[in-house]
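J.: no sequence on this one, just coordinates:
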Ligand code: SF4
Ligand code: SF4
Ligand code: SF4
């Protein structure tokens, strides 16, 4: 099972961030969420935290998402030393999606109204 | 723990110094946060008769106690100051992310005073406040400015800033953050008078820790499930406030051609559905699932080809029916032009409408208007006129003063056409066809605002809108509720289906203050807030005589207004009497000593009791 992201459906409401934070932390803080939604001038892009990397990559660059030029750092799922997202704000401990719930019931998917997040097998 | 920061940041621009202060517990208990708390501070600190555009005036920016807690639609922010348009106390509420950033910086309020020696801006980060020069940013529009500040200080920077109109002191300049503005009352003008181009904040997100986190988390879940299915919330989320135009037109209370009529023929051209067709994306405020804003493309002017968030209902009214226009792309373009210069769309539209009516009545001619043929609906003259107001040039210099001052400047025959209350241009509801609104706007402590107490029962048809009976009591209640909501700050659009009980639960679990559990107490807090605002105005010399409506509303029956045709406000005195009585004010509209004592602000408002002039009735 994995979570499929359809960024074209995302409205930028950030309920997924609240949902994830509700699941994992005491006070609701989107910076402590394992999913983050980046909003630019004409895009909304949900990104789910992946594994931690110890070194920053040196292959910085522009990637194309559906014909849009995007900063590779924004799209990248890794929690890494140079990125501010996917880290506990106070301790800098890296965050990673744990496909939460028992049995797995990803809260972000459940809360997304726009069907931008769906579960696929 | 509590979600109050309990601290304020005081910034003195004249001396380039700043400091933190504790906010006493009892202030929070009496006034909560945002509008209430700001009003308390402004009343206590601002000397009477201060010049709104002088260094002595203060700007208070604030965020509500429930902001950034995960609750949806509670993260807007409030600006309070003495208004250069009305001379009264004024509050304006804005959206975007900026409010949450005040909270993350660790403050409930930011008080800005003094005047910077030259063009400047403030940057706040972990290290503290930096006073920076803004010479290279002068004249820049809010959109590019915010982008530039993000490039300079980091992607995570949020700013509240002014455009060219604010710098040039157009009296109804706005403060912009993101795509949203604190529109009314010239709050941006006050910033401009302080030579302050922007306030930028870049701090890590530190969410406030609630008193009872587990309970609050439950309430967040509950709130979201209520909102998800609420029909009005869904409508806001798709069509936004634009849906209002058709209904108001049907009821005959959509002001047309400077309040000459109450409905317009081709309304279907500017219905909510029509605007929905042009919607390209969504926009909204921090932690709000509703995202009531719609991004739409601009076709002319400096932002041509770009997308803007808007228009919402009040803008549709101001650049549509009020000017005899039913062209949706014009309304979007006019909205974008106002955003670009940083001026209030309602006041701008009203000033243009005023000029058009003077032109129609031949009080002014093309020799006064720099050659513009200001005929109703003449878009090719109106567009450049907005530009002139934004730049404060030519006839824009006079119109940029607001309709009250412009009318006085042009002469007596012009004054009867200026539609304002206490100097604030009127919002998009024709008071003659909805008497509760007539009273709410007339008695409002900030002038002709539609957000000082909405007559909900009348708008939804539960109560006869034409009757003048019992409105004093219901408006007093509506104003108290609004004051409370503004002190949280609960967004009116994003919180459909929630009531006082719910707010009270949010408050107790977030703050741990037991007394917020009583809805009577909450309603009393609302009453205390409008009372202290009124005391502020009384000290400035306002009184019963200022709680009035433009002459047209109390003497001329409304024309072409469907079911509301023939209506006018028959007895404003009776309405006011009832309203004052409901709030415990004297016949002159001054809170009595007993009332002040009952509300626990006798010490605070001592001047009102001591000065016998105020109480003479
Ligand atoms: S909940 Fe869905 S629509 Fe909302 S921001 Fe997350 S992914 Fe986008
Ligand atoms: S699956 Fe759970 S842990 Fe992963 S991003 Fe969604 S809510 Fe967060
Ligand atoms: S409903 Fe609209 S204005 Fe209200 S908080 Fe949400 S996005 Fe902002």
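T.: Alright, I've got the coordinates. None of these values were measured; they are calculated from a predicted model. Ligands and ions are numbered 1, 2, ... in the order given.
J.: from here on, contacts and neighbour counts on C-alpha atoms
T.: OK.
J.: And the pLDDT for the residue of the stretch 401-550 of chain B found nearest ligand 3?
T.: The stretch 401-550 of chain B approaches ligand 3 most closely through residue B:494 (3.5 Å), counting by C-alpha to the nearest ligand atom. pLDDT, residue B:494: 85.
J.: Counting neighbours, what do you get for it?
T.: 23 (other C-alpha atoms under 10 Å in any protein chain shown).
J.: and what of the one 4 residues further on?
T.: When neighbours are defined as other C-alpha under 10 Å, residue B:498 has 15 of them.
J.: any idea how far it lies from ligand 2?
T.: Separation of residue B:498 from ligand 2 (C-alpha to the nearest ligand atom, to the nearest Å): 26 Å.
J.: Give me the nearest residue to the residue of chain A found nearest ligand 3, chain neighbours excluded.
T.: At 9.0 Å from ligand 3, residue A:13 is the closest residue in chain A, using C-alpha to the nearest ligand atom. Distance criterion C-alpha to C-alpha, 6 or more residues apart in numbering or on different chains; nearest residue to residue A:13, sequence neighbours excluded, is residue B:289 at 4.8 Å.
J.: before we move on, what SS does the residue of chain A closest to ligand 3 have?
T.: Following DSSP: H, G, I helix; E, B strand; the rest coil, residue A:13 is assigned to coil.
J.: How about residue B:575?
T.: helix.
J.: tell me, how many neighbours does residue B:24 end up with?
T.: 10.
J.: OK, contacts around the residue in the stretch 251-400 of chain B that ligand 1 sits nearest to?
T.: Across the stretch 251-400 of chain B, the shortest distance to ligand 1 (C-alpha to the nearest ligand atom) belongs to residue B:289, at 7.4 Å. The contact partners of residue B:289, taken as C-alpha atoms under 8 Å, 6 or more residues apart in numbering or on different chains, are A:13-15, B:72-73, B:494.
J.: Residue B:512 too?
T.: Applying C-alpha under 8 Å, 6+ apart to residue B:512 gives the contacts B:1-2, B:211-212.
J.: try it again with 6 Å
T.: Residues near residue B:512 by C-alpha atoms under 6 Å, 6 or more residues apart in numbering or on different chains: residue B:211.
J.: what's the spacing between it and residue B:504?
T.: 11 Å (C-alpha to C-alpha, to the nearest Å).
J.: In chain B, where is pLDDT below threshold?
T.: Chain B contains residues with pLDDT under 70 at B:612-617.
J.: wait, chain A
T.: A:59.
J.: Please enumerate the strands of it.
T.: With strands called from DSSP state E, chain A shows them at A:2-5, A:35-39, A:44-48, A:62-65, A:68-71, A:117-120.
J.: These: which one's closest to residue B:202?
T.: Closest approach to residue B:202 among the strands of chain A is made by strand A:35-39 (16.7 Å; C-alpha to C-alpha).
J.: The closest one vs ligand 2: in contact?
T.: Yes: using C-alpha under 6 Å from any ligand atom, strand A:35-39 reaches ligand 2 at residue A:35.
J.: Residues contacting that strand, please?
T.: Applying C-alpha under 6 Å, 6+ apart, the external contacts of strand A:35-39 come out as A:17, A:44-49.
J.: Against residue B:491, how distant is the residue of chain B at minimum distance from ligand 2?
T.: Distances between chain B and ligand 2 by C-alpha to the nearest ligand atom are smallest at residue B:221, namely 13.9 Å. Computed as C-alpha to C-alpha, the residue B:221 to residue B:491 distance reads 18 Å.
J.: Repeat that for residue B:178.
T.: With C-alpha to C-alpha as the criterion, residue B:178 and residue B:491 are 17 Å apart.
J.: again with residue B:41
T.: 23 Å.
J.: who's more crowded, those two?
T.: Using other C-alpha under 10 Å as the criterion, residue B:41 and residue B:491 rank with residue B:491 on top: 21 against 15.
J.: Helix, strand, or coil at that one?
T.: Applying three-state DSSP: residue B:491 is coil.
J.: interface residues of chain A facing ligand 2?
T.: A:19-20, A:34-35, A:48, A:97-100, A:106-108.
J.: 5 Å instead?
T.: A:20, A:34-35, A:97-100, A:106-108 (C-alpha under 5 Å from any ligand atom).
J.: Give me the residues contacting stretch B:84-92.
T.: Counting contacts by C-alpha under 6 Å, 6+ apart, the residues outside stretch B:84-92 that touch it are B:52, B:78-83, B:171, B:182, B:184-185, B:422-424, B:446, B:537.
J.: Span of it from start to end?
T.: OK, stretch B:84-92 end separation, C-alpha to C-alpha: 13 Å.
J.: do stretch B:390-402 as well
T.: 12 Å.
J.: Name all residues that make contact with the residue of chain A most remote from its centre.
T.: Within chain A, the residue lying farthest from the chain centre (C-alpha atoms, centre = their mean) is residue A:58, at 21.6 Å. Applying C-alpha under 6 Å, 6+ apart to residue A:58 gives no contacts.
J.: picking that back up, the residue of the stretch 401-550 of chain B closest to ligand 3 in helix, strand or coil?
T.: Residue B:494 ends up coil, using three-state DSSP.
J.: Find the nearest non-adjacent residue to it, please.
T.: Nearest to residue B:494 is residue B:73, by C-alpha to C-alpha, 6+ apart, at 5.3 Å.
J.: In contact with the one you found, which residues are there?
T.: B:288, B:491, B:494.
J.: can you put these in TSV and add distance to residue B:362?
T.: Below are these laid out as TSV (distance: C-alpha to C-alpha, whole Å):
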residue	distance to residue B:362
B:288	49
B:491	43
B:494	45
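J.: Closest one of the residues you listed to residue A:6?
T.: Nearest member of those to residue A:6, counting by C-alpha to C-alpha, is residue B:288, at 20.7 Å.
J.: Tell me, how many residues neighbour that closest one?
T.: When neighbours are defined as other C-alpha under 10 Å, residue B:288 has 25 of them.
J.: residue boundaries of the helices in chain A?
T.: In chain A, the helices defined using DSSP state H lie at A:15-24, A:72-75, A:107-111.
J.: for the residue nearest to the spatial centre of chain B, helix, strand, or coil?
T.: Nearest to the mean C-alpha position of chain B, counting by C-alpha atoms, centre = their mean, stands residue B:92 at 3.5 Å. Following three-state DSSP, we place residue B:92 in the strand state.
J.: beta partners of it?
T.: Residue B:92 forms beta bridges with residue B:79, as assigned by DSSP bridges.
J.: Contact residues of chain A facing ligand 3?
T.: Counting by C-alpha under 5 Å from any ligand atom, no residue of chain A is near ligand 3.
J.: In chain A, which residue sits closest to chain B?
T.: residue A:13 (4.8 Å; C-alpha to the nearest C-alpha).
J.: Can you pull the phi and psi angles for that residue?
T.: Phi and psi for residue A:13, reported as degrees, to the nearest 10, are phi -70, psi -20.
J.: ok, now how distant is it from residue B:451?
T.: For residue A:13, the distance to residue B:451 - C-alpha to C-alpha - is 25 Å.
J.: And these two? Which one has more around it.
T.: The neighbour count for residue A:13 versus residue B:451, taken as other C-alpha under 10 Å, is higher for residue A:13 (25 against 19).
J.: Compare the residues of chain A next to ligand 2 and tell me which has the most neighbours.
T.: If you count neighbours using other C-alpha under 10 Å, the busiest of those is residue A:34, which has 29 neighbours.
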